[in-house]
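Engineer: fold the following, please.
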Amino acid sequence: MRKIRQTKLVLVAAKEDVLNNLRDALANTNLALLHAQTKHEAVALLAEPESKIDLAIIDLELPDLGGWDLIEQITWLPQKSVKIIATTSSVCSEPFLGKAMELGVYAIVPAGLPPVGWRKTVEEVLAKTETVH
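Structural biologist: The predicted model follows:
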């Protein structure tokens, strides 16, 4: 009998409300949520061949995390299949959205998104087979 692999997500953010909403959203699913509080922790997780991360959710507003830099680093990792959701509390301008699309971000969501919104977004992004380019 073949074992089904659990889908893994990594959240790169220090905001407790985002972490808590994601935990609530993913309860009772086949999705495992890992949490990285720094860009370096996230890169280490994503670069590890055995980690098999499917989705990275990255807070763009934490300067010490370097959200944009992290997204750029992810695009250079050998594990090209990682999908990205960006989260922000700011209003997204056209240049902001353009940069996200250039880097292959699948979705940009507000940081205060409730659990039901997170679950829907995560499921939609995981179901996509191509980036928004």
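
Engineer: any idea which element the nearest residue to Ala107 once chain neighbours are set aside lies in?
Structural biologist: Distances taken as CB to CB, 6 or more residues apart in numbering place Ile85 nearest to Ala107, at 4.9 Å, with adjacent residues excluded. All C-beta atoms are positioned from the backbone trio N, CA, C, and that covers glycine. Assigning secondary structure by DSSP states H and E places Ile85 in strand 83-88.

Engineer: and the helices in this protein?
Structural biologist: Assigned by DSSP state H, the helices in the chain fall at 16-26, 39-47, 67-76, 94-102, 115-127.

Engineer: and these as CSV, adding mean pLDDT?
Structural biologist: Shown next, in CSV, are those (pLDDT from 0 to 100):
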stretch, mean pLDDT
helix 16-26, 86
helix 39-47, 85
helix 67-76, 81
helix 94-102, 78
helix 115-127, 92
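
Engineer: pipe these into CSV and attach mean neighbour count and distance to Leu60 per row.
Structural biologist: Converted to CSV, the helices of the chain look like this (neighbours: other CB atoms under 10 Å; distance: least, CB to CB, whole Å):
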stretch, mean neighbour count, distance to Leu60
helix 16-26, 16, 12
helix 39-47, 17, 12
helix 67-76, 16, 4
helix 94-102, 13, 8
helix 115-127, 16, 15
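
Engineer: can you tell me which residues contact Leu113?
Structural biologist: Counting by CB atoms under 8 Å, 6 or more residues apart in numbering, Leu113 makes contact with Asn21, Thr87, Thr121.

Engineer: check Glu124 too.
Structural biologist: Ala107.

Engineer: out of the contacts of Leu113, who's nearest Leu77?
Structural biologist: Nearest to Leu77 among these, counting by CB to CB, is Thr87 at 20.1 Å.

Engineer: give me the neighbour count for that closest one.
Structural biologist: By other CB atoms under 10 Å, 26 other residues sit near Thr87.

Engineer: so it sits against Val109, correct?
Structural biologist: Yes. Look at Thr87 against Val109 with CB atoms under 8 Å: they come within range, at 5.4 Å.

Engineer: I figured the residue nearest to Ala107 was touching Pro110, is that so?
Structural biologist: No. Using CB under 8 Å, Ile85 makes no contact with Pro110, being 11.4 Å away.
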